[in-house]
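1. Sequence first, predicted coordinates after that:
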Amino acid sequence: MIKSLMAILLAFIITSANAKETVTIEYGFGPGDTIVTSIRALVDEANRIQDKYTFLFDIKPGAGSSIAANYVARNPKDTILFISSAFFVRPNFFPESSHNISDFREIMPLCQTPMSVASVRYKSWREVPADTALNIGTSGLGVVSHMTAAKIVDKYPKTAVIPFKSTTEALLATIGGQLDITVGFIGEQELWSDKEPRVHILGITGSRTINGHAPLSEQGFGKILSEANQVHQFMVSVDTPEEKFREWRSIMIRAARADAVREGYKIDYCKPESEMSDSEIQPFFERQRALWKTLSTGVKIN
């Protein structure tokens with residue numbers, strides 16, 4: 001009997017010693033987003049390269065990512081937020097129903113990608129009438145696609161912003177003829193560049209011409225759009241223990257180097273940013289906060 005109890009106790013001790021801590025990476029948008037391919041690959045790599053934590057990927061969409069963000073804020077010891085630049089935009093418009101930016105700190109930017117403006121109806125901005133009522137689709141209000149659309153509205157003031165649940169839905173509405181213009185990502189729009197009805201990319205955010213697509217900032221839509229790329233990034237609560245923050249950051253950086261992770265960047269031309277040094281992280285966070293505050297100024301939510 002004593003031997004049996006000792007065996008059970010020993011097995012319990014061994015199991016406890018080998019048990020991994022579970023950490024859930026929460027994402028605030030839909031599972032069909034192209035960046036999800038990279039995140040799933042990163043989670044697999046993070047689990048492969050170490051044996052202290054088991055990382056899981058979970059989706060909590062809604063409220064411009066605030067549902068996922070608030071969940072992470074309430075669970076600082078075992079969650080990480082994976083988020084786009086919408087993290088910095090949403091609270092500017094819906095402060096009472098959003099997350100608090102000051103409740104978070106940056107673990108690591110993964111990559112940054114341009115937002116892309118496209119149309120089936122028009123092949124270039126020269127064809128877009130300035131004196132006609134138009135509409136432009138976004139993936140919601142108070143998000144990065146909305147900020148991009150707002151700069152289009154500045155030049156074409158008769159344009160109405162139409163929010164959808166995702167850039168994919170807005171693109172499909174454009175293909176179906178319900179929208180004049182849509183804001184999304186290069187990769188998903190290029191898939192329709194040689195189909196009928198054909199999607200024409202009119203311009204992109206950022207400062208680079210990519211695959212022949214010229215920056216909006218060089219086409220009369222404001223120089224600030226040269227800085228307005230979408231950044232996909234990891235955040236944690238400011239209440240996350242410092243030891244875990246440093247361990248998770250180290251694991252994420254290593255995992256982001258995997259070929260399978262970077263392969264997923266290609267469809268949306270996402271530029272890697274994960275090698276940013278420790279000293280650069282918080283200043284980068286604050287620059288984003290200031291940039292999206294500036295971009296939000298004067299934008300109306302109807």
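-> Sure, I can see it. Numbers count the residues shown, from 1 in each chain.
2. domain parsing for this protein?
-> In the domain annotation for the chain, the residue ranges read 2-112+231-296, 116-227 (automatic domain parsing).
3. Now the last one: average pLDDT?
-> When pLDDT is averaged along domain 116-227, the result is 94.
4. State the distance from the closest residue to Asp78 other than its chain neighbours to Asp44.
-> On the basis of C-beta to C-beta, 6 or more residues apart in numbering, the spatially nearest residue to Asp78 that is not a chain neighbour turns out to be Val23, at 5.5 Å. For the C-beta atoms, the positions are set from N, CA and C on the backbone; glycine is no exception. Going from Val23 to Asp44 by C-beta to C-beta, to the nearest Å gives 14 Å.
5. Compare those two (neighbour count), which wins?
-> Legend: neighbour count by other C-beta atoms under 10 Å for Val23 and Asp44, higher for Val23 (21 against 16).
6. Ser119 - nearest residue in space that isn't next to it in sequence?
-> Nearest-residue entry for Ser119: Ile181, 4.8 Å, with adjacent residues in sequence omitted and distances by C-beta to C-beta, 6+ apart.
7. And the one you found, how far from Ala160?
-> Ile181 sits 11 Å away from Ala160, taking C-beta to C-beta as the criterion.
8. hey, what's in contact with both of the two?
-> Overlap of the contact sets of Ile181 and Ala160 (by C-beta atoms under 8 Å, 6 or more residues apart in numbering) consists of 134-136.
9. And for Ser166, the neighbour number?
-> Ser166 is surrounded by 19 other residues when neighbours are defined as other C-beta under 10 Å.
10. quick one: it from Arg208, how far?
-> 25 Å.
11. can you check Gln189 too?
-> Using C-beta to C-beta, which is the criterion applied here, Gln189 is 17 Å from Arg208.
12. repeat for Ile35
-> Per C-beta to C-beta, Ile35 is found 19 Å from Arg208.
13. With Ala149 instead?
-> Here Ala149 is placed at a distance of 21 Å from Arg208 (C-beta to C-beta).
14. dump the residue contacts of Val183.
-> Contacts of Val183 (C-beta under 8 Å, 6+ apart): 115-117, 136-139, 145-146, 148-149, 152, 167, 170.
15. now with 10 Å?
-> Contacts here follow C-beta atoms under 10 Å, 6 or more residues apart in numbering; on that basis Val183 touches 115-118, 136-139, 143-152, 161, 164, 167, 170-171, 174, 189, 205.
16. Repeat that for Trp292.
-> With contacts defined as C-beta under 10 Å, 6+ apart, Trp292 is in contact with 85-92, 101, 144, 147, 227-228.
17. For burial, what's the neighbour tally of Thr132?
-> Other residues within reach of Thr132 by the criterion other C-beta under 10 Å amount to 10.
18. which one of the domains of the chain is the most hemmed in?
-> For the domains of the chain, the largest average neighbour count (mean count of other C-beta atoms under 10 Å) is found in domain 116-227, namely a mean of 19.
19. How far does it sit from its chain's centre?
-> 18 Å (C-alpha atoms, centre = their mean, to the nearest Å).
20. One more: stretch 109-126?
-> Its chain's average C-alpha position is 16 Å from that of stretch 109-126, according to C-alpha atoms, centre = their mean.
21. Quick one: end-to-end distance for stretch 136-156.
-> End-to-end distance for stretch 136-156: 11 Å, by C-alpha to C-alpha, to the nearest Å.
22. so Gly137 sits in a strand?
-> Yes. The assignment for Gly137 by DSSP: H, G, I helix; E, B strand; the rest coil puts it in a strand.
23. who's it bridged to?
-> Assessed by DSSP bridges, Gly137 has beta-bridge partners Ile162, Thr182.
24. which residues touch the residue nearest the centre of the chain?
-> When the chain is reduced to its mean C-alpha position, the nearest residue by C-alpha atoms, centre = their mean turns out to be Ser84, at 2.4 Å. If a contact means C-beta under 10 Å, 6+ apart, then Ser84 has 27-29, 33, 35, 64-65, 112-113, 139, 143-145, 230-233 as its contacts.
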